[in-house]
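>>> Okay, here's the prediction I keep looking at, along with the sequence it came from:
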Amino acid sequence: AFIVLLAQQRGASVAGILGMVLMFNLVYTAVSTPAGALSDRIGRRRLIVGGWLLYAIVYLGFALSSAAWHVWALYAVYGFYYGMAYGTAKAVVADLVPAAARGTAVAAHVDPRAAAEAAREHAWKLLVDWPKAMGLAPDEVMFIRVAKAVPGAAGDLAAEFRAHPLLVAMAGALAPDGVDAEWAARIVARRDVLAVLLSGGASPAGTVAAVPLGPGRGRATVETARGELRHEITLDSGARERIAAYRIVAPTDRLFAADGPLPGWLVGLEKVGAGDTARRAVLALDPCVPWDLELV
């Protein structure tokens, strides 16, 4: 939130701030996996110390910045720090746990960063992405306000958000039955979750947990804006415990599976008009990957 506010003070536009946040996530994603591999070779503590030194330099740069592009560039470097240190710090915790207890060391808890990311995803969908899909004018200013808010400390903003006219307009743009009714229900559900996150109420969003599935097998989950994201790992039986299998099950995988909700929504549709209905169904389910629709 501080960095977004700083970017505004240095003259960044709404589009510029959105691009800055996107760049941070791209850098963080690109760095995380190589950083994890590097920590296996040189040691986790060295990588964490290097990351925190980079963190200190970045925040000194923020203090000395005088233009929007300075903040933009520094935020990209901040993503580099985040990719280096955040996951590695969690790996240190796992290293400190006895091998027999691994998979039980991470009890279900709400991760503040995961909760904040879920709040941003909900806000983006409700204030920008879905309104555009319905031909309505998005409210990017309100999105920025929600994105920079601290979950649990924005009760007034939560009340303002609940009464936002854009949410009313979206409800009015949808039919009262069929796929539109399902979409409307999802709008209400995501609105309520976001309002709870902002006001500090109990919500599963951002909940992180890890559980054992058997010898050498475990599952970690995080509750995202779209639903539960699962990571499942299997180790071989060798002394070095190499990874034998790794599987990611995203909410999109389940929502668009053969036994998921999408086929049930579409079965029985007349071909005339089915394209628009199917498109609305896909938008309502909110896939996390680019998609295209083809009727055959």
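Sure, I can see it. Numbers count the residues shown, from 1 in each chain.

>>> What ranges in the chain fall below the confidence cut-off?
1, 93-107, 238-241 (pLDDT under 70).

>>> Which parts of it are helices?
For the chain, the helices defined by DSSP state H cover 2-9, 14-42, 44-64, 68-96, 112-124, 130-133, 140-148, 155-162, 165-172, 178-199, 251-255, 261-266, 274-285.

>>> chain center to the last one, what's the gap?
Centroid displacement of helix 274-285 relative to its chain, using C-alpha atoms, centre = their mean, to the nearest Å, is 23 Å.

>>> So which elements touch it?
Applying 3 or more C-beta pairs under 8 Å, 6 or more residues apart in numbering; DSSP states H and E, we find helix 274-285 packed against helix 178-199, helix 261-266. All C-beta spots, glycine's among them, are computed from the backbone N, C-alpha and C.

>>> ditto for the first one
Packing contacts for helix 2-9, counted by 3+ C-beta pairs under 8 Å, 6+ apart, involve helix 14-42, helix 68-96, helix 140-148.

>>> run the last query once more with 10 Å
helix 14-42, helix 44-64, helix 68-96, helix 140-148 (3 or more C-beta pairs under 10 Å, 6 or more residues apart in numbering; DSSP states H and E).

>>> Give the buried residues for the third one.
This points to helix 68-96. Buried positions in helix 68-96, judged by neighbour count with 16 or more other C-beta atoms under 10 Å: 68, 70-89.

>>> Return the most buried member of the helices and strands packed on helix 274-285.
Mean neighbour count (mean count of other C-beta atoms under 10 Å) peaks for helix 178-199 among those, with a mean of 19.

>>> Could you find the closest non-adjacent residue to Ala7?
The spatial neighbour of Ala7 that comes closest, neighbours along the chain excluded (C-beta to C-beta, 6 or more residues apart in numbering), is Val71 at 4.5 Å.

>>> you'd agree that neighbour is up against Val21?
No - using C-beta atoms under 10 Å, Val71 is not in contact with Val21; the gap is 11.6 Å.

>>> got a list of contacts for stretch 46-55?
31, 35-36, 38-43, 77-78, 80-89, 91-92 (C-beta atoms under 10 Å, 6 or more residues apart in numbering).

>>> please redo it, this time with the cut-off set to 7 Å
With contacts defined as C-beta atoms under 7 Å, 6 or more residues apart in numbering, stretch 46-55 is touched by Ala35, Leu38, Ser39, Phe80, Tyr81, Met84, Ala85, Thr88, Ala89.

>>> The nearest residue to the last one once chain neighbours are set aside - how many residues pack around it?
Read it as Ala89. Of all residues not flanking Ala89 in the chain, Ile48 sits nearest, at 5.8 Å (C-beta to C-beta, 6+ apart). Other residues lying near Ile48 total 18 when counted by other C-beta atoms under 10 Å.
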